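Novice: Please work out how this folds:
(one chain, ligands or ions: 3)
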Amino acid sequence: MADPNAGAEPTAVAETVLDTVAAVAPDVRAGLPGRRRYLDGENPSGEAVLAADVYADDLLESAIGDVAGVGSYASEERETTVDVGDGPVSVAVDPLDGSSNLKSNNPMGTVVAVYDAPLPASGRDLVAAGFVLYGPVTTMVAGVGAPGDAAIREFLVTDDGEREPLGDVDLPAEPTVYGFGGRVPDWPDDFAAYVDEIEDELKLRYGGAMIADVSQVLSYGGVFAYPALESAPDGKLRLLFEGNPVAYLVEGAGGQSSTGDGSILDREATGLHQRVPVYVGNGDLVERLEAALADS
Ligand SMILES: O=P(O)(O)OC[C@H]1O[C@](O)(COP(=O)(O)O)[C@@H](O)[C@@H]1O
Ligand SMILES: [Mg+2]
Ligand SMILES: [Mg+2]
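Specialist: Ligands and ions are numbered 1, 2, ... in the order given. Just a heads-up that it's a prediction; the model follows:
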């Protein structure tokens, strides 16, 4: 059969990838109830794996692998990339973000990053990024285009896996929420001092799923961080699967991202599963954070 995406622009391939992730989302959601148990073994980041993580990863690998123009698929749950075709586009997925929330029945997401480069790739190679949020309503937030050029939009994902546009996403100018991961005694002193200031200005909203916590920042304005920790200087979140796509979306919605020292999108990619400190939100809050870290 003729390849419908043969020679297609990476952005056209990326649109199809986002459609595909939305199309699979109802199946991911429908498969959760019977998959709340942990499996034996760990993922490449050394974390426990739920049956639902593997189920979502298999569904996404199969569906995204069928998209013409996609050459490789990578996921937080797999050691190496999978060759799925001849195209130049690489797709990196966090199949279930915040899956430890499954036990307590709190929100989770699927994160997708589309790179026009072999992996590991820089955030500057992104041609699209998005996430599905499995909250009371299933929604997708996504953008297509070079970082900074893409409009970020929210969609309702219907029970049939269609995307219905809900509108543009722009960070509110008056921020109200913050959410920071990691154990408080493990926070470096400079970050803890920043938190002392922020606590007086914003209210705490932390749910333990990056995508749900970032969605609060996109909706209400504020700052989300999974910071560098005393015990883990690169934090917890993964650059290719989590940091880059979230940075792309928050920057595209008018905010800023930082590793503590410049945009996450500028962090050199050296490994598929490398970690990165993640600070995202309204520009002035992220700039104050960078200043607080630089002063120490
Ligand atoms: O339990 P903690 O330390 O607060 O960590 C929460 C963070 O870990 C994550 O759950 C990691 O993502 P995964 O569930 O995809 O491994 C993030 O979604 C979240 O921001
Ligand atoms: Mg995750
Ligand atoms: Mg995950």
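
Novice: Can you show me the helices along the stretch 51-200 of the chain?
Specialist: Shown for the stretch 51-200 of the chain, the helices assigned by DSSP state H, counting those that start in this stretch span residues 51-65, 189-199.

Novice: between those, which one is nearest to ligand 2?
Specialist: helix 51-65 (9.6 Å; C-beta to the ion). For the C-beta atoms, the positions are set from N, CA and C on the backbone; glycine is no exception.

Novice: Name the single longest helix found in this structure.
Specialist: When the chain is parsed with DSSP state H, its longest helix is helix 10-30.

Novice: Give me the helices and strands touching it, please.
Specialist: With contacts taken as 3 or more C-beta pairs under 8 Å, 6 or more residues apart in numbering; DSSP states H and E, helix 10-30 sits against helix 51-65, strand 89-97, strand 108-115, strand 126-134, strand 138-144, strand 153-157, strand 163-168.

Novice: could these be laid out in TSV, adding mean pLDDT and mean neighbour count?
Specialist: Formatted as TSV, the helices and strands packed on helix 10-30 follow (pLDDT from 0 to 100; neighbours: other C-beta atoms under 10 Å):
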stretch	mean pLDDT	mean neighbour count
helix 51-65	97	20
strand 89-97	98	28
strand 108-115	98	29
strand 126-134	98	27
strand 138-144	98	24
strand 153-157	98	19
strand 163-168	98	13
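
Novice: To ligand 3, which of the ones you listed lies closest?
Specialist: Closest among the helices and strands packed on helix 10-30, using C-beta to the ion: strand 89-97, at 4.4 Å.

Novice: angle of the closest one against helix 51-65?
Specialist: Using axes from the mean of the first three to the mean of the last three C-alpha atoms, to 10 degrees, the inter-axis angle of strand 89-97 relative to helix 51-65 is 160 degrees.

Novice: ok, residue 57 touching residue 97?
Specialist: No - Residue 57 lies out of contact with residue 97 (C-beta atoms under 8 Å); the separation is 12.0 Å.

Novice: for residue 76, what are its contacts?
Specialist: 43, 44, 45, 93, 94, 95, 238, 241, 242, 273 (C-beta atoms under 8 Å, 6 or more residues apart in numbering).

Novice: Of the residues you listed, which is the most crowded?
Specialist: residue 94 (29 neighbours; other C-beta atoms under 10 Å).

Novice: And it, how far from residue 80?
Specialist: Between residue 94 and residue 80 the distance is 16 Å, computed by C-beta to C-beta, to the nearest Å.

Novice: Then residue 190?
Specialist: Taken as C-beta to C-beta, the span from residue 190 to residue 80 is 36 Å.
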